[in-house]
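Q: here is a sequence together with a model predicted from it:
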Amino acid sequence: MSEFDLSQALPSFIAIIVIMCFLQELQVAVITPDEDLDLKVPHKKKTLRSAANLILILNRMTESPSCCIHQLSEDELCSIVMDSLVEETVVETFLTSNTGQKKVTFRRVNSVKQFTLCDSVQKDLVQQSGELKLQALTLKGGHYQCKVNFKMARYVTPCVPAADVQTVLLSINNDLHMSCTMIDDTPVLTLERCREDELKMISDDQNMDRFLFFKRHSAMTLYTFESVKHRGWFISTSTEDENHSVEMCKVDAASRLTSFKLN
C-alpha cells in the first residue's frame, strides 16, 4: 500500500491551516529555574478530540481562496473561511399543475453576516432619512455612523455550484431589503419592505427572486452582486459623481463601478 499524504487530499490553503493550527498547539514555554536547568513544558497537549474537531471543520470547506492568503488580514482570511463553509439547507422540487415545469423552492440558510459596503474607490453606501434608495458618498471624519449596516442571508441556488457563487439577500433591517425590479424595460434597484418570514422560502416561479443577488469574487477582497431576477445586471456606483444613487448596470457599462468591499 502506498503512503498517504494528507496534503494531497486537501487544498493547499487548507493544508496551510492544518500546519498553522498544529504549530500553535505545539508552542512551548521555556522555564529556567536556574542556570543549569532548561525545562520545556508544552502549553497545551494535543488530544484526539482537538484533531477530530479540526478534521470536521476542514471537511466542511468547499473551496480555496483565489488570492494569496499571505496578503490578507486576519479579518479577511476569517471572512473567506466562513464563506467557504457548507451550510445545510433543504431544496424541494415540485411540478406546477398548469405548466408542468419544475418549480424549485429553497430555504434561507441559518446564518447572517453583518457588514458595511464601500465601492472600489472607497465610497460608502448610505441611506438618506426616509429614502428607499441608497447613495454612494466619500465619508469624512465624524460621519462614519452614516454608513448603512447590511445583513446578508445566504441561500442555495440548485442550478449554480456553491463554489462559484453565493446567492444572498441584502437587508437594511428585518423588513427592508434591496430588490431589483423591471421598470420601463430597465432594472431598478430600490429598498423594498417585505416581512422576513415571507423570505424564508423563495420559489423561482414567483417574483420573490427580485430580492436575491449572486455574490461573486471579482478581485482579492472585492465582490460583485448580480441580480438573480435580471441576469447580467449588477449593483453599481458612479465613477465620477458624488452623492449619486446606487443603481443597476450592465457589467461593461462605462463610468460605473460594480465591485465592492465588505467591511
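A: Nice, I can see it. Quick caveat: nothing in here was measured; it's all calculated off a predicted structure. Numbering: from 1, shown residues only.
Q: where do the helices of the stretch 51-200 of the chain begin and end?
A: Remark: helices assigned in the stretch 51-200 of the chain by DSSP state H, counting those that start in this stretch are 74-84.
Q: for stretch 129-137, the averaged confidence score.
A: Averaging pLDDT along stretch 129-137 yields 89.
Q: go through it and flag the buried ones.
A: Judged by neighbour count (16 or more other Cβ atoms under 10 Å), stretch 129-137 contains these buried residues: 134-137. Bear in mind the C-beta positions are built from the backbone N, C-alpha and C, glycine included.
Q: what lies in contact with it?
A: Residues from elsewhere that reach stretch 129-137, judged by Cβ atoms under 8 Å, 6 or more residues apart in numbering: 119, 123-128, 146, 148, 178, 189-192, 237-238, 242-246.
Q: at 6 Å what do you get?
A: Residues outside stretch 129-137 that contact it (Cβ atoms under 6 Å, 6 or more residues apart in numbering) are 123-127, 190-191, 237, 243, 245-246.
Q: just the buried ones from those residues, in ChimeraX syntax?
A: Of the contacts of stretch 129-137, the buried ones can be selected in ChimeraX as follows, counting by 16+ other Cβ under 10 Å:
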select :123,124,125,126,127,190,191,237,245,246
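Q: okay, the contacts of stretch 129-137 in JSON lines with distance to V156 next?
A: Below are the contacts of stretch 129-137 laid out as JSON lines (distance: Cβ to Cβ, whole Å):
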{"residue": "K123", "distance to V156": "31"}
{"residue": "D124", "distance to V156": "30"}
{"residue": "L125", "distance to V156": "26"}
{"residue": "V126", "distance to V156": "31"}
{"residue": "Q127", "distance to V156": "29"}
{"residue": "T190", "distance to V156": "25"}
{"residue": "L191", "distance to V156": "25"}
{"residue": "T237", "distance to V156": "28"}
{"residue": "N243", "distance to V156": "37"}
{"residue": "S245", "distance to V156": "31"}
{"residue": "V246", "distance to V156": "26"}
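Q: and the contacts of stretch 129-137, which is closest to D184?
A: In terms of Cβ to Cβ, no member of the contacts of stretch 129-137 lies closer to D184 than T190, at 13.8 Å.
Q: which phi and psi does the nearest residue to that closest one once chain neighbours are set aside have?
A: In this structure, T190 finds its nearest non-sequential neighbour in L132, 5.3 Å apart by Cβ to Cβ, 6 or more residues apart in numbering. When read as degrees, to the nearest 10, the backbone of L132 gives phi -110, psi 30.
Q: sorry, back to before: in strands only, show me the contacts of stretch 129-137.
A: Mapping those onto strands (DSSP state E) picks out 124-127, 190-191, 237, 245.
Q: show me the chain divided up by domain.
A: For the chain, automatic domain parsing gives the domain ranges 6-59, 82-262.
Q: worst average pLDDT in those?
A: Lowest mean pLDDT within the domains of the chain: domain 6-59, a mean of 54.
Q: quick one, what contacts T181?
A: By Cβ under 6 Å, 6+ apart, T181 lies in contact with 188, 210.
Q: please renumber so the chain begins at 801
A: Renumbered: residue one is now 801, and that last one reads T981.
Q: next, find the distance separating it from L989.
A: 8 Å (Cβ to Cβ, to the nearest Å).
Q: try I1002
A: On the measure of Cβ to Cβ, I1002 and L989 end up 18 Å apart.
Q: likewise for L939?
A: 20 Å.
Q: who has more neighbours, these two?
A: Between L939 and L989, L989 has the larger neighbour count (other Cβ atoms under 10 Å), namely 23 against 15.
Q: how about that one: what's its closest non-neighbour residue?
A: M1048 (4.9 Å).
Q: close enough to count as contact, that neighbour and P987?
A: Yes. Counting by Cβ atoms under 6 Å, M1048 touches P987, with 4.4 Å between them.
Q: look at the two and report which has more neighbours.
A: M1048 (24 against 20).
Q: on that earlier part again, need the ones in strands among the contacts of stretch 929-937 in a markdown table with distance to M1008, can you?
A: Formatted as a markdown table, the ones in strands among the contacts of stretch 929-937 follow (distance: Cβ to Cβ, whole Å):
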| residue | distance to M1008 |
| --- | --- |
| D924 | 29 |
| L925 | 23 |
| V926 | 27 |
| Q927 | 23 |
| T990 | 15 |
| L991 | 16 |
| T1037 | 26 |
| S1045 | 24 |
